[in-house]
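A.B. asks: Show me how the following folds:
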Amino acid sequence: MNINEIRQLAGWIRDAGLTVLELKRPGFELLIRRGAPAYPHASPPDVQTAAEQPQAAACVIAADNPGIFVSSHPDEKNSYVKPGDSVAAGQLLGLLRIGRLYLPVRSSQAGRVVRFLAAEHERVGYGQPLIELEE
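C.D. replies: Presented below is the predicted three-dimensional model:
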């Protein structure tokens, strides 16, 4: 890995709002850390009421990576799915944007989209619920 590639990775980390990137390959390890962004007027986290929380029988699709959730690619006009749509296992439901990289968010099972738990362009963390499905 050369310095230009490391600079590119650092730029992606900055663009995605991440603070740490660790890469391990045979014979090579790289750890990039940057300070957490300061938000002078940060709002308190939203607290879901019991009525808003996903039902136990429903399947919740969670983020596999931290990033920014989008329901479609920027070149597409329409969302991949919307509430009420039936989906198959493995179907593309949305994307996680990490810098300029887009990672797929896929359905783990067949079902019907109940609602989106993450807003469009919301910054999400690993394991954060994104979409609620019902069987």
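
A.B. asks: Where do the strands of the protein begin and end?
C.D. replies: 20-25, 28-33, 59-62, 67-70, 86-87, 92-98, 101-106, 111-116, 122-124, 129-134 (DSSP state E).

A.B. asks: who's in contact with the third one?
C.D. replies: Spelled out, that is strand 59-62. Residues from elsewhere that reach strand 59-62, judged by C-beta atoms under 8 Å, 6 or more residues apart in numbering: 54, 93, 105-109, 111, 117, 127-135. Bear in mind the C-beta positions are built from the backbone N, C-alpha and C, glycine included.

A.B. asks: please redo it, this time with the cut-off set to 10 Å
C.D. replies: For strand 59-62, contacts defined as C-beta atoms under 10 Å, 6 or more residues apart in numbering pick out 53-54, 87, 93-94, 105-111, 113-114, 116-118, 124-135.

A.B. asks: now the fifth one
C.D. replies: Outside of strand 86-87, the residues within contact range by C-beta under 10 Å, 6+ apart are 61, 80-81, 93, 106-107, 109-113, 131, 133.

A.B. asks: Which strands border that strand, and is each parallel or antiparallel?
C.D. replies: Sheet pairing of strand 86-87 (DSSP bridges) gives strand 111-116 (antiparallel).
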